[in-house]
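Student: Generate a structure from the sequence data that follows.
(3 chains)
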Amino acid sequence: MSTPSNSKLMLTGAGYNPVIGPGSTADSTNSLPKQTASQRSVSQLSSPSSLLRLASTSSERKLNSFGAHASIYDRNLHRGMHEISLSSMSFLFMEVIRMSLNGSESLLQMERKLNNLGYRVGLRLLELVSLRENFNNNLASSGKSNTAQRHVRVLEILQFVKESIWPCMFGKEADNLEKSVQNENQYMIIDSDPILSRYICVPKEYEGLDCESFVAGIVEGLLDISYFRCEVTAHSAPLEGYPNRTVYLVDFDSSIISREERLSKK
Amino acid sequence: MTIYSFWIYDKHCNCIYSREYTHSNKSAHAQRTASVLISSPGATVTADSSGVEMQNGMGAPQGTVNKRNDDNISKLLFGICFSLRKIANSITKGGAETARDGDESFDSNIVNNGNRVRTFSTLNYKCHLYETLTGLKMIVVTDMQCRDLGTELANLFNTVYVRNVVENCACPVEFRPGEYIDNTIFTDGVDSYWTNLVEFK
Amino acid sequence: MSKQLKQLGDDIWKNQVEKINSELFTLTYGSVVAQLCKDLDNNYDQVNNELYKMGYNIGVRLIDEFLQKTQLSRCTNMHETAEVVSKIGFKIFLNITPTVSHWTADNKSFGLILVENPLADFVELPNTEARKKLWYSNVLCGVLKGCLEMVQLDCDVSFLQDSLKGDENTEIRVKLNKILKDEIPAGEE
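Tutor: Coordinates of the predicted model:
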């Protein structure tokens, strides 16, 4: 409305904008491959400069380099953390639970639904967090090692979940990581005070329902997409003083374990 | 000093929580006083065998929970408070509801903040009222000598109610007739809140 | 007045609110919207409705926490309400402060312009029907509706434009219909 030139520019399509130049892309040049990877679903976007342009000032923010309105591609993924109130998240999670409860015939089905919702979050979270890690690595080693690290060992990826994914989601690391004694393909991630369950009190008729299935779904999603086929389930395991303590049981596919053995021999 | 009973009404005027406290070690006089308000004539205060009398065990005070929500006492109590508030509002504003459509400012006669009844007392007991902007009304009945418990009611709302009802997704916040707050965390929270006051016994 | 409210909102945000990274929230909401689109066969009108209902359910609870945190008394007019919604409500729950604008002449309807929207942080709508019909952040309207109704303000709340759809701004309109009266117990005249 106040920018009459928009529609015309939109029609001419995306491209390098000589008016703005490459300057604003400077600080994130070496992250190009990863950034595109994280957004590969929209690979048609033509120019890398449009992908990386950093909307630094508010006046610039409105219009991106090719005149269209600012979209997510104009925002740097490596930005300061935006915090919101935990209650907002809890309120949303309540509705997520209610939504899964609707039309579910059994608790199992409902946990399945929660798990699925989480799964999709996991897929995206992995991209986001590993991208951030790289940014930070780059900063730390002044740009020398700009390769993304890919975790191939079971312990590595679980450590990554515990030490990187958890802080991104909940602002703290998971409390513990354990290997099952009975089953060599089972590992446990333990959280003594899961944040999402803090405000949840499961009604009597749904006893045994574990809302943390959602988080289990997140973990499953991100492990799956990193080629660690597994199933993750949440189990409530209260301890004195930690009534909500939850164990996320990671059950790796046997192929993962044999791969792990192969890798150990090298 | 004694706390006799505690009531919560939602904005649809339904009693969604009622709690009576039976003080078995009280003097006969107090017992009688209590029964005037709390029990319908003839019934004894010490809960009848069919009621959900609280366990005599340690901690939990005796009395009934959600047993009287729809009986006459509950309705009368609400009626008194409702009418008092209406009267209080109309005497400050000098006239009943005068809000016209198209008024830019909110008329405080409709919205209930104009004049607030905090407590009222009779020869036998004292009622303390607290109402939130969302129309939730909390009433606690005590003996006549009790100080004003308005801030305590507000506190109870801010801590026990918000924490255990509002933030508890397993508990509804809109109640259909016949539905009460029946989750135990809330019930226990209310009990421990009142019993920890010096006024309780 | 406006300055005081801003100060109050900032203070509450700083001192009374437990905070969490918004990204889990953003992604969770995204997952919910995607699931709804799937469940409802991409009938976006229904998805909008469902999101609105979810928001309403949240709103009727959220208002109590809002009142507890702010200890505010009742607003005296719609202008005050608008300021409170933007400078305190949005601030303490989403840590953003939408701009209040576009008042109508009768002072009953205003717009909230969201420069930032944590719900839509990583979102790009596919260039299909979704882009035309889906109000991605419709849950916000439901929340506002629920909150305002609980304090006896019967309002219509809806999106007017959304930058996700290529609009210039993201704007929510709030329009006051009437002030609800106290309910009267059954049997009273």
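Student: Point out where the chain drops to low pLDDT.
Tutor: I went with chain A, as the question did not name one. Confidence mapping of chain A against pLDDT under 70 gives the ranges A:1-72, A:75, A:77-79, A:137-148, A:201-208.
Student: Let me rephrase: I mean chain C.
Tutor: Scanning chain C with the threshold set as pLDDT under 70 gives C:186-189.
Student: what about the closest residue to chain A within chain B, is that helix, strand or coil?
Tutor: Proximity to chain A, evaluated over chain B using Cβ to the nearest Cβ, is greatest for B:Cys169 at 3.5 Å. All C-beta spots, glycine's among them, are computed from the backbone N, C-alpha and C. When the structure is reduced to helix, strand and coil (DSSP: H, G, I helix; E, B strand; the rest coil), B:Cys169 reads as coil.
Student: Now it: closest residue in space, sequence neighbours ignored.
Tutor: Here the nearest residue to B:Cys169 in space, its sequence neighbours aside, is A:Met94; by Cβ to Cβ, 6 or more residues apart in numbering or on different chains that works out to 3.5 Å.
Student: is it fair to say the one you found lies in a helix?
Tutor: Yes - under three-state DSSP, A:Met94 falls within a helix.
Student: Could you count how many residues lie near it?
Tutor: Applying other Cβ atoms under 10 Å in any protein chain shown, we find 22 residues neighbouring A:Met94.
Student: B:Ser5 belongs to a strand, doesn't it?
Tutor: Yes - read with three-state DSSP, B:Ser5 is one of the residues of a strand.
Student: tell me which residues form a beta bridge with it?
Tutor: As for beta bridges, B:Ser5 partners with B:Glu20, B:Val141 under DSSP bridges.
Student: Give me the helices and strands touching the longest helix along chain C, please.
Tutor: Among the segments of chain C that qualify as a helix by DSSP state H, the longest is helix C:44-70. Packed against helix C:44-70 by the contact rule (3 or more Cβ pairs under 8 Å, 6 or more residues apart in numbering or on different chains; DSSP states H and E) you find helix A:86-101, helix C:2-15, helix C:22-39, helix C:91-94, helix C:129-133, helix C:139-150.
Student: can you pull out the helices in chain B?
Tutor: B:28-38, B:72-93, B:150-156, B:184-195.
Student: Determine if any part of the last one is in contact with chain C.
Tutor: No - for helix B:184-195 and chain C, the contact criterion (Cβ under 8 Å from any Cβ of the partner chain) is not met; the two come no nearer than 13.5 Å.
Student: what comes into contact with that helix?
Tutor: Contact partners of helix B:184-195, identified using Cβ atoms under 8 Å, 6 or more residues apart in numbering or on different chains, comprise A:201, B:3, B:6, B:17, B:19, B:21, B:60-61, B:65, B:140, B:155-156, B:159-161, B:163-165, B:168, B:171, B:181, B:200.
Student: and residue 116, what helix or strand is that in?
Tutor: No chain was given, so I picked chain A. helix A:107-140 (DSSP states H and E).
Student: quick one: the residue nearest to B:Cys169 from A:Ser197, how far?
Tutor: From A:Met94 across to A:Ser197, the span is 11 Å (Cβ to Cβ, to the nearest Å).
Student: do A:Glu231 as well
Tutor: If you go by Cβ to Cβ, the gap between A:Glu231 and A:Ser197 works out to 21 Å.
Student: Please apply the same query to C:Ser109.
Tutor: 41 Å.
Student: quick one: which of the two has more around it?
Tutor: For the pair C:Ser109 and A:Ser197, the greater number of neighbours falls to A:Ser197 (23 against 18), based on other Cβ under 10 Å.
Student: can you tell if stretch C:169-184 touches chain B?
Tutor: Yes - shown here: stretch C:169-184 in contact with chain B (Cβ under 8 Å from any Cβ) through C:Lys178, C:Ile179, C:Lys181, C:Asp182, C:Glu183, C:Ile184.
Student: ok so the third one is a helix residue?
Tutor: To tie it back to what came earlier, the one meant is C:Lys181. No - the assignment for C:Lys181, made by three-state DSSP, is coil rather than a helix.
Student: Phi, psi for it please.
Tutor: The phi and psi torsions at C:Lys181 (degrees, to the nearest 10) take the values phi -90, psi 160.
Student: From chain A, how far out is it?
Tutor: Look at C:Lys181 and chain A: by Cβ to the nearest Cβ, to the nearest Å, they are 28 Å apart.
Student: Please read off the pLDDT at B:Thr98 from the model.
Tutor: You'll see B:Thr98 listed with a pLDDT of 47.
Student: so which helix or strand takes in residue 159?
Tutor: By default, I'm working from chain A. Assignment of secondary structure by DSSP H and E places A:Gln159 within helix A:154-160.
Student: that's the wrong chain, I wanted chain C
Tutor: C:Phe159 belongs to strand C:153-161 when elements are defined using DSSP H and E.
Student: How confident was the prediction at the nearest residue to B:His23 once chain neighbours are set aside?
Tutor: The shortest distance from B:His23 to any residue that is not its chain neighbour, by Cβ to Cβ, 6+ apart, is 5.9 Å, and that residue is B:Thr2. The confidence metric pLDDT takes the value 83 at B:Thr2.
Student: How many neighbouring residues does B:Thr2 have?
Tutor: The tally of other residues near B:Thr2 (other Cβ under 10 Å) stands at 18.
Student: distance of it from chain C?
Tutor: Distance, B:Thr2 to chain C, using Cβ to the nearest Cβ: 28 Å.
Student: from memory that residue sits against B:Asp143, does it?
Tutor: Yes - taking Cβ atoms under 8 Å as the definition, B:Thr2 is a contact partner of B:Asp143 at 4.8 Å.
Student: No further queries at this time; thank you.
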